[in-house]
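> Starting from these lines, generate the structure:
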Amino acid sequence: MKIKITKVNKTSNVKLPTYQTVGAAGMDICADISTTMTIKSGEVAIIPTGLAIALPDGYECQVRPRSGLAVKNGIFVINSPGTIDSDYRGEIKIILANFGKEDFNIENGMRIAQLVINKYEKIDWQEVDSLDNTRRGDGGFGSTGQ
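Coordinates of the predicted model:
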């Protein structure tokens with residue numbers, strides 16, 4: 001599948017998102033910044049990527065955390081998964097939160113998140129008076145055991 005992508009700043013040397021292994025579902029996306037950005041412990045920052053995409057109708061791009069940043073540094077995509085809709089044409093920006101104990105520096109070109117492209121279905125709601133019964137019923141959080 002081919003998806004159109006453009007550099008927002010034509011003079012930037014930002015790399016396009018890439019799969020790091022043959023079996024990877026997510027493509028790493030990098031920061032496109034002119035100076036180092038510091039995310040203080042407990043703070044949130046919006047990191048530009050310098051890229052914009054044109055998804056076909058019926059597809060979304062999910063923004064997910066990188067597991068290495070999460071486990072080693074406490075850096076998460078705060079609205080994970082974030083969604084880039086098919087009609088959005090602006091720059092992709094990544095909302096990162098620092099749940100670590102130390103301040104964290106983002107450098108230009110650093111891999112900061114993953115992108116996963118997904119197909120989705122549009123639905124129409126059918127309002128009814130009641131729903132069919134299931135074994136679980138209305139059992140909520142923790143109702144199926146540990």
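> residue ranges of the helices in the chain, please?
Ranges of helices within the chain are 67-73, based on DSSP state H.
> where are the low-confidence patches of it?
Residue ranges of the chain with pLDDT under 70: 146.
> repeat that for 80
142-146 (pLDDT under 80).
> who does the top strand by length along it touch, helix- and strand-wise?
Ranked by residue count, the top strand of the chain under DSSP state E comes out as strand 111-119. With contacts taken as 3 or more C-beta pairs under 8 Å, 6 or more residues apart in numbering; DSSP states H and E, strand 111-119 sits against strand 27-30, strand 59-64, strand 93-98. C-betas here are computed from N, CA, C, even on glycine.
> May I have the last one as CSV, with CA atoms only?
As requested, C-alpha coordinates have been extracted for strand 93-98 and formatted as CSV (Å, rounded to 0.1, in the frame of the first residue of the first chain):
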residue,chain,number,x,y,z
LYS,A,93,3.0,16.1,16.3
ILE,A,94,3.5,13.7,19.1
ILE,A,95,2.3,14.3,22.6
LEU,A,96,4.9,12.9,25.0
ALA,A,97,4.6,12.7,28.8
ASN,A,98,7.5,12.1,31.1
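> can you tell me how far the residue nearest the centre of the chain sits from D138?
Of all residues in the chain, the one closest to the mean position by C-alpha atoms, centre = their mean is V63, 1.1 Å from it. Counting by C-beta to C-beta, to the nearest Å, the gap from V63 to D138 is 33 Å.
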